[in-house]
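# Quick check, what structure comes out for this input:
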Amino acid sequence: MNANPNENNPLINAQSGSMLLRLLLCTDVAFIILHISYFQTPLLESSLYSLSRDNGFSEFFQYIKFLWIIILLVDVSLKTKTLGYMAWVLLFVYFLADDSLQLHESFGRVIAGNLNVATPLNLRLQDIGELIASAIAGAVLFPLLILAYWRGSQNFRKISRDLLVFLILLIFVGIGIDMAHEGIGAEGMLDRLVFRVLEEGGEMTVTSLILWYIFLLSSWNGNVGWYVHERLRALVSKGSV
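Residues are numbered from 1 along each chain as shown. Here you go, the predicted model:
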């Protein structure tokens with residue numbers, strides 16, 4: 001008989017996880033509405049309501065999410081006695097530090113100052129510098145993830161694949177949409193109400209999904225009982241039939 005991970009901890013079950021996800025997503029939507037209200041109405045005067053304001057209200061909420069993800073991943077590592085999770089902890093520590101200290105922007109400016117090349121797609125040297133800075137960070141962190149995956153258990157590998165799915169989504173909204181934003185040179189409402197919402201709001205939504213997933217992982221002692229990548233593969237296979 002298959003064990004239900006919910007039975008291991010009846011106080012924190014799937015319903016609790018669903019409630020957490022709804023609260024997180026509702027808060028994300030609230031920040032998006034405040035962002036739109038700041039630009040489109042006279043009700044809000046402080047730029048702290050803008051999604052793209054450094055250290056603004058919505059970004060501070062992102063810091064909290066990343067902090068919770070880090071704490072929960074450490075908890076999962078201790079519960080399962082799986083050191084590999086610490087490689088994921090380091091990645092999210094970087095995300096927290098990068099968001100709060102604007103690391104890739106700062107290093108990007110330094111790199112851009114030493115570049116003298118023609119930029120494609122209307123991108124700025126600053127954008128190229130930021131891409132290089134992010135690539136350097138990835139070159140340091142991803143080998144640790146690969147090593148952890150290679151040495152990990154079957155369950156850890158499956159969970160790592162799930163986290164990789166979320167990571168790809170985060171990179172797409174955080175870097176892909178940002179590069180499209182700069183390449184198009186969007187201005188006015190297209191800038192404020194489309195690209196900023198897609199980029200910043202997308203990052204907030206994906207981070208909420210990651211936090212929800214890690215919450216379930218911690219609550220069920222490292223066994224979620226299902227895997228995102230397997231469900232996506234099943235959907236793709238069903239759609240191709």
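# How about Gln126: what's its closest non-neighbour residue?
With sequence-adjacent residues excluded and distances taken as C-beta to C-beta, 6 or more residues apart in numbering, Gln126 is closest to Ala112, at 4.8 Å. In this view, the C-beta of every residue, glycine as well, is placed from N, C-alpha and C.
# Gly201 now?
Leaving aside its chain neighbours, Gly201 sits nearest to Ile32 (4.9 Å; criterion: C-beta to C-beta, 6+ apart).
# what about Gly225, is that helix, strand or coil?
Secondary structure state of Gly225, per DSSP: H, G, I helix; E, B strand; the rest coil, is coil.
# Quick check, pLDDT for it.
On the pLDDT scale, Gly225 is placed at 75.
# How about the contacts made by the residue nearest to Gln126?
124-126, 128-129 (C-beta atoms under 8 Å, 6 or more residues apart in numbering).
# Now list the buried members of those.
The neighbour count (16 or more other C-beta atoms under 10 Å) marks 125-126, 128-129 as buried among these.
# Name the nearest of these relative to Trp220.
For those, the minimum distance to Trp220 (C-beta to C-beta) is 42.1 Å, reached by Gly129.
# helices or strands up against the helix or strand containing the closest one?
Counting by DSSP states H and E, the element that carries Gly129 is helix 125-151. Contact analysis of helix 125-151 by 3 or more C-beta pairs under 8 Å, 6 or more residues apart in numbering; DSSP states H and E lists helix 85-101, helix 103-113, helix 154-171, helix 177-184 as its packing neighbours.
# Thank you, goodbye.
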